[in-house]
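Asker: pasting the sequence and the predicted model now:
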Amino acid sequence: MKMRLLLHSLPVSRFIIRCAALLAPARERAEWLAEWQAELWHVCHSYHARSCFHGNAEVTDFCLGAFQDAFWLRWNNPRSIPRRVFRTGSPSRCAFSLAVWTAASLLICFCLPGARRAIRPSPYRHADDLVMISSGGYSGAQSPTIRLRDYQSWRTSAQHLFTGVAFYQPIRKRVHITRHQFAELSIGRASDNLFQLLNLPVPLPVLSDATDQSNREYTARLILSQAAWRSLWGGDPGVVGRVVRVAGQRALIVGVVSKSSWQLPGHMDAWMLEDEQHLDALPSSSRGFVLAHTRTSGSLARLDGWRYMTVRREDGANDRFDCISLAQRAQMPSSIFLFTLILAFLSLPATTPLPLGEYPRHSGRLPRATRARRWIFLSIKFALVVPLVHFTSLDVAYGVQAVSFTTAQCIQLAISFFGFLFALRWILQDQRKRCPVCLRLLSNPARVGQASQNFLAWNGTELICAGGHGLLHIPELPTSWFSTQRWLYLDPSWSGLFSDAYIASASLV
Amino acid sequence: MAIEPKLSHTAAMILQTIHAGQIYGFSLMEATGLPSGTVYPAMRRLERDGLIVSKWEQQSIADAEQRPLRKYYKLTRTGVTTLEAMHKRYPLLERLIPSREVKNA
């Protein structure tokens, strides 16, 4: 109760008004404060005279309204910087909006795991030398394409090309977490050198003498993903060293890896590393993914920057396999970005004319800085729009986990190309609609001339700069004597028609 | 042709209230029932548009009544013309807050 009385006391009310006064423009602050303090005196006097029980709370409510009043004064002050900056059609408002959208798309990119992976470099060391081998034409496939027998054959016959070859096969298996608890997990059944090849540290099991004898008997090592470890084992650090049953085998849990460490095809909850003897027991026609570490002096054939390997079959025909390096896979979104940007630049003249219009020399009255500002603004728009389109395409393409890598690339390609094309088109169109002096969007379009007299007189649209800097004439039909839009500078004698305050502010922003 | 200014119902009500003789911010609040956060910015807007003018009262009056100086508002000629136009737009405005002449009658 005491606290409530204190909050609604007169000193607190005065303090509220003083705080609100800080929002009011400095020039008007003293008068504004005097008026509000005088009004406060009358408000208090009125409530006390009426002995109103709720008077104190109403006085506080009255004082809180001072913030709205002060804010209104600040916003509507012609000299107010926020008002000048965020005025409709101003270049700063345009740049600010673009910056906000770009920042938002980047933020979304960091929030979506798939999109985040797409902008980050490959987490694997020597990713240039690590290649993912897949059947010819299926380099982006998310499903396994290599038969186990091919992998077995390369293990021995392709040693002149690769220093190591690893195999993994995504499977879904039931895992006995505890005696009475089961879970169906996505497991990567892999050769035991997979993580070594990826340069990811996997601890070797060190079993103390105290370890239960039954825990010493295992046929595979199991590495858990951080997500599975948290959800199924509750993040228990003591899980390492335990033996669980996976697909009829006893597997020893040897470690946990973070989700970001795995950027290869297939969503895995765990990886079961088996020795070659156990892998060889699988049907030789079963398919999986094959990863290899190339020799630096290796002789993998290159075609347009892509490496491939040709293997002769027993029947005399050749099988071609694509060998895409992990670095190349990680750079794919960036490559698509560059490709679509160049393609959009090349396609741009087909969608909009490139010239920005005719701007006559202004008898040297325009300072060089003002002329340069126009080009700086164009560059800023370009610098903000390009990342905006790129991050948005990544958000849409890679943000949805359900689609495959190839589909995501196609989505990125489409969004990126059309996004760049429309964005570049907008940049040019927006630039044409701005005053070359104050860079504000031109307003008050007026139709001039008659369409029926197109070849006899000028016919088109006229726009005016609200700051009185000039007029823009846009022809309805481009003719040999009026092919593109023309700017006409207004001399100072016209300034009487325009607001002085506006002209002053326009030259500032 | 005269351009009819566009005023919201709130702004028209405040204009009518000032015309009715409530010439201080707080008295306007009491007469209209609007909060201070609406009344004061609306008065600033009306003053900016030249429909009302503000003036500080004389120091001697405030001293005699032992209270702080107060700012009061009154309608300009444009304000009166606008209010007449607003009466056509909002016919119940005059009945809601009767003018001094109406009250005296």
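Answerer: Perfect, thanks for sending it.

Asker: pLDDT score assigned to residue 6?
Answerer: Defaulting to chain A. pLDDT, A:Leu6: 65.

Asker: please refer instead to chain B.
Answerer: On pLDDT, B:Lys6 comes in at 77.

Asker: do A:Pro475 as well
Answerer: 84.

Asker: hang on, isn't it packed against A:Trp481?
Answerer: No. Using Cβ atoms under 8 Å, A:Pro475 makes no contact with A:Trp481, being 9.4 Å away. Any C-beta I mention is one placed from the backbone N, CA and C, and that applies to glycine too.

Asker: between these two, which one's more packed in?
Answerer: A:Pro475 (19 against 7; other Cβ atoms under 10 Å in any protein chain shown).

Asker: so what pairs up with the more buried one in the strands?
Answerer: A:Gly460 (DSSP bridges).

Asker: the residue of the stretch 301-450 of chain A found nearest chain B in helix, strand or coil?
Answerer: Nearest residue of the stretch 301-450 of chain A to chain B, counting by Cβ to the nearest Cβ: A:Asn444, 15.8 Å away. At A:Asn444 the chain is in strand, as set by DSSP: H, G, I helix; E, B strand; the rest coil.

Asker: what is the burial count for it?
Answerer: Using other Cβ under 10 Å: A:Asn444 sits among 10 other residues.

Asker: so what's it closest to, chain neighbours aside?
Answerer: A:Ile464 (5.0 Å; Cβ to Cβ, 6 or more residues apart in numbering or on different chains).

Asker: which phi and psi does the one you found have?
Answerer: Recorded main-chain torsions at A:Ile464 are phi -130, psi 150, according to degrees, to the nearest 10.

Asker: the residue of the stretch 301-450 of chain A closest to chain B contacts A:Thr461, correct?
Answerer: No. The pair A:Asn444 / A:Thr461 is not scored as a contact, 10.4 Å apart, by Cβ under 8 Å.

Asker: elements contacting the helix or strand where A:Cys109 lies?
Answerer: Assigned by DSSP states H and E, A:Cys109 belongs to helix A:91-111. When contacts are defined as 3 or more Cβ pairs under 8 Å, 6 or more residues apart in numbering or on different chains; DSSP states H and E, helix A:91-111 packs onto helix A:81-85, helix A:113-119, helix A:368-399.

Asker: from A:Ala292, how far off is the closest residue to A:Phe377 other than its chain neighbours?
Answerer: Spatially, and ignoring its direct neighbours in sequence, A:Phe377 is nearest to A:Pro91 (5.1 Å; Cβ to Cβ, 6+ apart). Taking Cβ to Cβ, to the nearest Å as the measure, A:Pro91 falls 54 Å from A:Ala292.

Asker: residues from chain A in reach of chain B?
Answerer: With Cβ under 8 Å from any Cβ of the partner chain as the criterion, chain A meets chain B at residues A:34-35, A:37-39, A:41-43, A:45-46, A:61-69, A:72-73, A:76.

Asker: spell out which residues of chain B are next to chain A.
Answerer: Counting by Cβ under 8 Å from any Cβ, chain B comes close to chain A at B:24-26, B:29, B:35-41, B:44-45, B:48, B:67-71.

Asker: okay, now the closest residue to chain A within chain B: neighbour count?
Answerer: Using Cβ to the nearest Cβ, the closest approach of chain B to chain A is made by B:Ser36 at 2.9 Å. By the criterion of other Cβ under 10 Å, B:Ser36 has 25 neighbours.

Asker: now A:Leu341
Answerer: 19.

Asker: show me what the biggest strand by length in chain A is packed against.
Answerer: For chain A, the longest strand by residue count, based on DSSP state E, is strand A:162-178. Judged by 3+ Cβ pairs under 8 Å, 6+ apart, the packing partners of strand A:162-178 are helix A:148-157, strand A:181-191, helix A:194-197, strand A:243-246, strand A:287-294.

Asker: can you list the weak-confidence ranges in the stretch 251-400 of chain A?
Answerer: Within the stretch 251-400 of chain A, the segments meeting pLDDT under 70 span A:296-306, A:314, A:358, A:360-365.

Asker: should've said the stretch 101-250 of chain A
Answerer: A:136-142, A:202-216.

Asker: for chain B, just list every one of the helices.
Answerer: B:9-19, B:25-32, B:36-48, B:59-64, B:77-89, B:93-96, B:100-104 (DSSP state H).

Asker: want to throw the ones you listed into JSON lines with mean pLDDT?
Answerer: Formatted as JSON lines, these follow (pLDDT from 0 to 100):
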{"stretch": "helix B:9-19", "mean pLDDT": "91"}
{"stretch": "helix B:25-32", "mean pLDDT": "88"}
{"stretch": "helix B:36-48", "mean pLDDT": "92"}
{"stretch": "helix B:59-64", "mean pLDDT": "87"}
{"stretch": "helix B:77-89", "mean pLDDT": "90"}
{"stretch": "helix B:93-96", "mean pLDDT": "82"}
{"stretch": "helix B:100-104", "mean pLDDT": "57"}
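
Asker: now tabulate those in a markdown table and tack on distance to A:Phe110.
Answerer: Formatted as a markdown table, those follow (distance: least, Cβ to Cβ, whole Å):
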| stretch | distance to A:Phe110 |
| --- | --- |
| helix B:9-19 | 45 |
| helix B:25-32 | 49 |
| helix B:36-48 | 39 |
| helix B:59-64 | 61 |
| helix B:77-89 | 53 |
| helix B:93-96 | 55 |
| helix B:100-104 | 65 |
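
Asker: gap between the helix holding A:Cys109 and the chain center?
Answerer: 10 Å (Cα atoms, centre = their mean, to the nearest Å).

Asker: burial count for A:Phe162?
Answerer: 24.

Asker: quick one: list the elements packing against the strand or helix carrying A:Glu31.
Answerer: Element membership of A:Glu31, judged by DSSP H and E, is helix A:26-50. With contacts taken as 3+ Cβ pairs under 8 Å, 6+ apart, helix A:26-50 sits against helix A:10-21, helix A:55-75, helix B:25-32, strand B:71-75.

Asker: so that helix versus helix B:36-48, what angle?
Answerer: 130 degrees (axes from the mean of the first three to the mean of the last three Cα atoms, to 10 degrees).

Asker: list the buried ones in helix A:26-50?
Answerer: Residues of helix A:26-50 classed as buried by neighbour count (16 or more other Cβ atoms under 10 Å in any protein chain shown): A:28, A:32-40, A:42-44, A:46-47.

Asker: quick check: mean pLDDT across that helix?
Answerer: Here the average pLDDT along helix A:26-50 is 86.

Asker: quick one, what contacts the residue sitting nearest the centre point of chain B?
Answerer: Nearest to the mean C-alpha position of chain B, counting by Cα atoms, centre = their mean, stands B:Ile18 at 2.5 Å. Counting by Cβ atoms under 8 Å, 6 or more residues apart in numbering or on different chains, B:Ile18 makes contact with B:28, B:52, B:73-75, B:79.

Asker: any idea which residue of chain A lies closest to chain B?
Answerer: A:Gly65 (2.9 Å).

Asker: just give the number of residues close to that residue.
Answerer: A:Gly65, neighbours per other Cβ under 10 Å, totals 24.

Asker: so it makes contact with B:Ser36?
Answerer: Yes. A:Gly65 lies in contact with B:Ser36 (Cβ under 8 Å); the separation is 2.9 Å.

Asker: wait, isn't A:Ile336 in contact with A:Leu413?
Answerer: Yes. Look at A:Ile336 against A:Leu413 with Cβ under 8 Å: they come within range, at 5.5 Å.
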